[in-house]
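[1] build me a model:
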Amino acid sequence: MSYKELKSGTDVRGIASDLGGKTVNLTDEAVYDITSAFATFVANKYGKKTNELTIAVGHDSRISAYRISLQVVSALKNLGCKVKNCNLASTPAMFMTTVDLNTDGAVQITASHHPFDRNGLKFFIKEGGLESSQLGEIIDIAEQGGFTKIEGGSVENVDYMSIYSASLRKMICNAIGKSEEEKPLSGYHIVVDAGNGVGGFYATDVLAPLGADISGSRFLEPDGMFPNHIPNPEDKTAMQSICEAVTESGADFGVIFDTDVDRAGCVDSEGNEINRNRLIALAAIIAANGKKDCTIVTDSVTSDGLKEFIEKDLGCKHYRYRRGYKNVIDKAVELCEQGLDCPLAIETSGHAALRENYFLDDGAYLITKIIIELGRGRDLNKTLKSLKMPAEERECRLNITEAYFKTYGLRVIDELEAFVSKDTATYKVADDNREGIRVSTPYGWFLLRLSVHDPVMPLNFESNEVGGIDKMVALIKPFFQNYSGLDISAIK
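    Model prediction:
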């Protein structure tokens, strides 16, 4: 097997357990070699030898975490590295070890929200998460192999999550103006749904010590089989779970994390979701902090109502970019380097990265910022009241059956643009879109784009009237019926 098969964007991902009935390809050998290659990459980048490196290691709650962790730690130790073994930890916390523990890099063992039988490796250096090209370089090093054992490696168990939790508590105390002993969250009832991932610490180690009532919280205990629901703020069952937790317990606020806590969603006191466009709007308010002309970077599928909210209500600029949390983060960094005031990069999936926090996508950090607003007396319902929400939303995934799927998909997009351009009375191509083609119609808008890695064309719809999506489908279905290499059953 080529290790290139395990590369998924900026992460390593694979089948890590045969309990799901699939053949394991994230093997001990693959984990060992790729981790060894990461240490080699870091040493080369910083002009060091591997036995001069300090690297942190953590993992989420997956059933394969222990097996993989043994290989990661062994690989680093055998190259002479000083290993800070943080054990159960969130993904953002692993990056923060480069700040708080002055590590040269970090490895998080996670597959985010993917099924229980998957796992993977996510790498950090002092500058942040790796670029796709950097991971490609690491994979190349891993396939060359030939790693020589070096004496002097060591392993130290570190309870870094306690340090990380303390930093979040300090944020809340400083912002509200009360010490930890004064219990700044006393009188607030906040429930957390961790979905049996890593996020349970937020209830027990951040909220409760500050006086919050966390009764009614759900699934805080780590369980890598995820027996209750998928830990994913985009999953309907997961969001229904946290909404129920809020309404059943009468809480003031609800929080839900994905498995490794780099994403989050939340719920107001009435059980209404603050997710996707509503979460972006709230994050934009916090990031802009009253300043006009800030630039908020989002992915391409954000709503027309959100654009209006950012530009008219906040007086900021909305920059739509390609899907993928690393894409929006990299674009925000680029815009800052060009001299723009860009305090936030956020994807509708819940990945939110604030400039003040190293542009790190950290669900716990974003939720902490929101809870600070709650502690200051902000009414979240009133804050978001002017945000116009769509009546309907839908995503259809059109599978490409042609071998050269990227070439085929790009041709479909080009020809769709030519098709809609012939009828300017019905269609208007968005002039601010930077991925695929986004088209407004009398009934709403649709966006056709090409998946970066898979032979799929996601087709997103949004309408401000009930039945509007069906009308848009009727308009464009004749166009798609001309393509034999495209499975359009999803829109039939």
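[2] where in this protein is pLDDT low?
    Judged against pLDDT under 70, the chain has no low-scoring part.
[3] just the helices in it please.
    28-46, 65-78, 91-100, 132-144, 160-176, 201, 236-249, 277-288, 304-308, 325-337, 363-375, 380-383, 405-421, 468-480 (DSSP state H).
[4] point out the most buried one among the ones you listed.
    Most buried of the helices of the chain, by mean neighbour count (mean count of other C-beta atoms under 10 Å): helix 201, with a mean of 25. (C-beta placed from N, C-alpha, C; glycine too.)
[5] which residues touch A30?
    Contact analysis of A30 by C-beta atoms under 8 Å, 6 or more residues apart in numbering lists M1, Y3, L6, G14, A142.
[6] give the contact list for the spatially most central residue of the chain.
    Nearest to the geometric centre of the chain sits H351, at 3.4 Å (C-alpha atoms, centre = their mean). Taking C-beta under 8 Å, 6+ apart, we find H351 in contact with D262, R263, Y325, V328, I329, D361.
[7] name the nearest of those residues relative to F41.
    I329 (20.4 Å; C-beta to C-beta).
[8] was I right to think that closest one contacts A345?
    Yes. If you go by C-beta atoms under 8 Å, I329 and A345 touch, sitting 4.6 Å apart.
[9] identify the contacts common to the two.
    In contact with both I329 and A345: A353, F359, using C-beta under 8 Å, 6+ apart.
[10] before we move on, the earlier item: okay if I get the helices of the chain as TSV plus distance to C316?
    Formatted as TSV, these follow (distance: least, C-beta to C-beta, whole Å):
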stretch	distance to C316
helix 28-46	36
helix 65-78	40
helix 91-100	25
helix 132-144	29
helix 160-176	22
helix 201	33
helix 236-249	27
helix 277-288	5
helix 304-308	10
helix 325-337	13
helix 363-375	17
helix 380-383	15
helix 405-421	29
helix 468-480	28
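[11] F124 is nearest to which of the ones you listed?
    helix 91-100 (4.4 Å).
[12] what helices or strands is the closest one leaning on?
    strand 54-59, strand 82-88, strand 105-109, strand 118-125, helix 160-176, strand 360-361, helix 363-375 (3 or more C-beta pairs under 8 Å, 6 or more residues apart in numbering; DSSP states H and E).
[13] contacts for the shortest one, please.
    In other words, strand 360-361. P92, F95, M96, G128, D262, R263, Y325, I329, H351, A352, A353.
[14] rerun at 6 Å
    P92, F95, D262, Y325, H351, A353 (C-beta atoms under 6 Å, 6 or more residues apart in numbering).
[15] partner strands of it and their direction?
    Next to strand 360-361 in the sheet, as set by DSSP bridges, lie strand 352-354 (antiparallel).
[16] what's the answer for the second one, then?
    Within its sheet, and counting by DSSP bridges, strand 82-88 is paired with strand 54-59 (parallel), strand 154-157 (parallel).
[17] tilt between that strand and strand 105-109?
    Strand 82-88 and strand 105-109 are oriented at 30 degrees to each other (axes from the mean of the first three to the mean of the last three C-alpha atoms, to 10 degrees).
[18] next, the buried residues of strand 82-88.
    K82, V83, K84, N85, C86, L88 (16 or more other C-beta atoms under 10 Å).
[19] now do that strand: distance to the chain's middle.
    23 Å (C-alpha atoms, centre = their mean, to the nearest Å).
[20] cool, the third one as well?
    Using C-alpha atoms, centre = their mean, the distance from the centre of strand 105-109 to the centre of the chain it belongs to is 16 Å.
[21] change the start of the numbering to 43 and stick with it
    Sure, I'll start numbering at 43, so the last one becomes strand 147-151.
[22] helices or strands up against that strand?
    On a contact count with 3 or more C-beta pairs under 6 Å, 6 or more residues apart in numbering; DSSP states H and E, strand 147-151 meets strand 96-101, helix 107-120, helix 133-142, strand 160-167.
[23] could the ones you listed go into a markdown table alongside distance to G63?
    Shown next, in a markdown table, are the helices and strands packed on strand 147-151 (distance: least, C-beta to C-beta, whole Å):
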| stretch | distance to G63 |
| --- | --- |
| strand 96-101 | 23 |
| helix 107-120 | 18 |
| helix 133-142 | 27 |
| strand 160-167 | 13 |
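[24] nearest to S428, of the ones you listed?
    Among those, helix 133-142 sits nearest to S428 (C-beta to C-beta), with 31.0 Å.
[25] what is the nearest of the buried residues of strand 124-130 to E286?
    Of the buried residues of strand 124-130, the one sitting nearest to E286 (C-beta to C-beta) turns out to be L130, at 26.5 Å.
[26] partners of the closest one in the sheet?
    Under the criterion used (DSSP bridges), L130 bridges to H101.
[27] ok, it to Y202 distance?
    Look at L130 and Y202: by C-beta to C-beta, to the nearest Å, they are 10 Å apart.
[28] before we move on, the earlier item: quick check: which of the helices and strands packed on helix 133-142 is nearest to Y108?
    strand 96-101 (7.8 Å).
[29] pull the distance from the closest one to the chain's centre.
    Centroid separation for strand 96-101 versus its chain: 20 Å, with C-alpha atoms, centre = their mean.
[30] contact partners of it?
    107, 111, 114-115, 118, 123-128, 131, 136, 139, 145-151.
[31] nearest to A217, out of the helices and strands packed on strand 147-151?
    Closest of the helices and strands packed on strand 147-151 to A217 is helix 133-142, at 18.6 Å (criterion: C-beta to C-beta).
[32] got TSV for the helices and strands packed on helix 133-142, with distance to Y469 too?
    Compiled in TSV, the helices and strands packed on helix 133-142 are given as follows (distance: least, C-beta to C-beta, whole Å):
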stretch	distance to Y469
strand 96-101	49
strand 124-130	51
strand 147-151	44
strand 160-167	40
helix 202-218	47
strand 402-403	35
helix 405-417	36
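[33] sorry, back to before: turn the buried residues of strand 124-130 into CSV, columns for distance to T443.
    Listed next are the buried residues of strand 124-130 as CSV, based on distance: C-beta to C-beta, whole Å:
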residue, distance to T443
K124, 51
V125, 46
K126, 48
N127, 46
C128, 45
L130, 42
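[34] perfect, that will be all.
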